[in-house]
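Trainee: Coordinates only, no sequence provided:
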């Protein structure tokens, strides 16, 4: 039977009063001695201080005794409260009454008085509190378990069933009051998860047909179905109880329920690991379904950790290093097989020609089949490995899959580029020139440029993806920076090859035109050039070639790239014609008129594909201005001559423009 401390408290109070009386008496004696000492100041004989010292010593002793009593009194009061609560607990008629006593003890322990004995008091209170918590927890567990069984949980709850669960839930939740650090799974949700686990084990941890390693979505969907079924109940009924009983923790009822059932899933995944390693063909599907389960919890339930930090997912916390290695190897084998298929397909490098103008500023060349399929392959791999949170595992994925595939694709195009250079270098030996000549050679280069350019765009997008941004090298560079530089260099190299190829093909056709030697011949009445005169016949094949080459380019390249290629070609043509015709010949009026007309026809042939093509040939444009002085009809007077020059230039340009339009 609990001890009654009322008598001890009365004795302490009486002793304290007695000590206080003695202290007051001694203080009066000390004051009287002080007055006597002041009255005998003129007496040369020193007064005895023995009685004063004794008096002071007694006062100090009494004060210490009083301090001791002051410390003892709250201790005795706290012990009395503890034993009174014990009596109430023993007399409680039911579990709810005992739980009330537990909460009274918790509140008393938080308001213990400051004293030298506080640590001992806290130890006594904590010991008793732990004992009652265990007992109350067992009682509350039994009550809530019985209540759940009565409503056939986890079946769907009626309103009356939900009401019957309210008080048992409140009692179990109240056991967490005063806890600064909550347990990973709160008691009521742990109890609610037990029947869910029992059903789960019945279906997915036995020899039943539902327990299949190749169908992980079945057991994952089973858990999701339970959460979906009771989401409204948790948010509408249980959430309010959480807010009332544990207001300082800002908990979510649905999240706490998820926390309670997650160990069921994690245990199932753990037990499946050994079997998955023995059947690696099932591994990728198993992991993908696990990732999908994690994503459902994040998206549909907004599941996060209690501190609101992102939840890593069941896969990241459970899958072993051996399983990850096996999965990575499996994905690598699949990716390499798919990569070989896409680059060896018959149409792997073909570019679809289209009549519509390319409007996407980022895309400079229409994508060939291999670059599109490689893009899809990389997207699929990244999507599958994005949920992996471990940085080192992410790094291994990037090095084993995206980087390796992209480097192989780069090397394939680079080899083809080098072969093209050899075949066009004059040392091609027995290689047929038709493979690299004219439109065929241009198509070959554009196929290489298509793969390089579009994969470079993909690389830039990947480099800005948070997944890849999280994988940095020690020097601060991104994991894809080196690859981007390689692709960018290869792209520029191919563009220069295209410019060289266009220049070589067009310049070969212009050789006959450059050999014309009649620019200085005088006009004759029979050879007078009228305004309707045609261009030099030596340019006809050149115009046809320009239509063929630039017509193809306009169907596969963006206007920006087409203009850049033209500027490169135009500079070379400008140098060729200027050095071989303008600088090497003298021009009569007839010759100046003919060359001017020819130049405008050349620019008109390019005007189908680029704007203001004459601006790309600055030397010829300047020469044409000078030649116009010679070609203008002779008239008297400077004003008349200038007017005639303008009229003549307008006539030539309008004529060329008309033929361009019609």
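Mentor: That came through fine. Given the structure is predicted, the values throughout are model-derived calculations rather than measurements. Residues are numbered from 1 along each chain as shown.

Trainee: Quick check: closest non-adjacent residue to residue 548.
Mentor: residue 439 (5.4 Å; CB to CB, 6 or more residues apart in numbering). From N, CA and C alone the C-beta is placed, and that goes for glycine too.

Trainee: Sketch out the low-pLDDT regions of the stretch 1-150 of the chain for me.
Mentor: Applying pLDDT under 70 to the stretch 1-150 of the chain flags residues 1-126, 128-130, 132-133.

Trainee: in terms of contact, does residue 445 touch residue 498 like I think?
Mentor: Yes: between residue 445 and residue 498 there is a contact under CB atoms under 8 Å: 4.9 Å.

Trainee: Let me see the contact set for the residue nearest to residue 548.
Mentor: 548, 549, 552 (CB atoms under 8 Å, 6 or more residues apart in numbering).

Trainee: Please narrow those residues to those residing in helices.
Mentor: 548, 549, 552 (DSSP state H).

Trainee: now the helices: where do they sit in the stretch 101-250 of the chain?
Mentor: 118-150, 159-164, 166-174, 187-204, 216-233, 239-245 (DSSP state H, counting those that start in this stretch).

Trainee: Relative to residue 450, which of those is closest?
Mentor: Closest to residue 450 of the helices of the stretch 101-250 of the chain is helix 216-233 (CB to CB; 39.4 Å).

Trainee: burial of residue 437, as a residue count?
Mentor: Neighbours of residue 437 under the rule other CB atoms under 10 Å: 16.

Trainee: dump the residue contacts of it.
Mentor: With CB under 8 Å, 6+ apart, residue 437 has these contacts: residue 505.

Trainee: again, but for residue 273
Mentor: Taking CB under 8 Å, 6+ apart as the test, what residue 273 contacts is 319, 320, 322, 323.

Trainee: Now with 10 Å, please.
Mentor: 283, 286, 318, 319, 320, 322, 323, 326 (CB atoms under 10 Å, 6 or more residues apart in numbering).

Trainee: Mind checking what helix or strand follows the helix or strand hosting the residue nearest to residue 548 in sequence?
Mentor: Taking DSSP states H and E as the criterion, residue 439 maps to helix 438-463. Counting by DSSP H and E, the next helix or strand C-terminal to helix 438-463 is helix 466-469.

Trainee: Can you name the element that comes right after that following helix?
Mentor: helix 481-514.

Trainee: quick one on the thing from earlier: now the residue nearest to residue 548: how far from residue 551?
Mentor: Going from residue 439 to residue 551 by CB to CB, to the nearest Å gives 9 Å.

Trainee: quick one on the thing from earlier: and the helix holding residue 439, what's buried?
Mentor: 441-459, 462 (16 or more other CB atoms under 10 Å).

Trainee: now swap in stretch 282-290 and tell me
Mentor: 282, 283, 284, 286, 287, 288, 289, 290.

Trainee: Contacts for that stretch next, please.
Mentor: 212-221, 265, 268-269, 272-273, 275-277, 279, 313-316, 318-319, 323-324, 326-327, 329-331, 334, 383-385, 387-388.

Trainee: Drop anything exposed from those.
Mentor: The neighbour-count test (16+ other CB under 10 Å) marks 215-217, 219-221, 265, 268-269, 272-273, 276, 313-316, 318-319, 323-324, 326-327, 330-331, 384-385, 387-388 as buried among the contacts of stretch 282-290.

Trainee: Residue 171 and residue 191 touch, don't they?
Mentor: No: in this structure residue 171 lies outside contact range of residue 191 using CB atoms under 10 Å: 11.1 Å.

Trainee: pull the helix or strand with minimum mean pLDDT from this structure.
Mentor: helix 638-661 (a mean of 49; mean pLDDT, DSSP states H and E).

Trainee: any idea which of the contacts of residue 439 has the most stuff around it?
Mentor: residue 549 (23 neighbours).

Trainee: List the contacts of it.
Mentor: Contacts of residue 549 by CB under 10 Å, 6+ apart are 438-439, 441-443, 498, 501-502, 505-506, 565, 569, 609.
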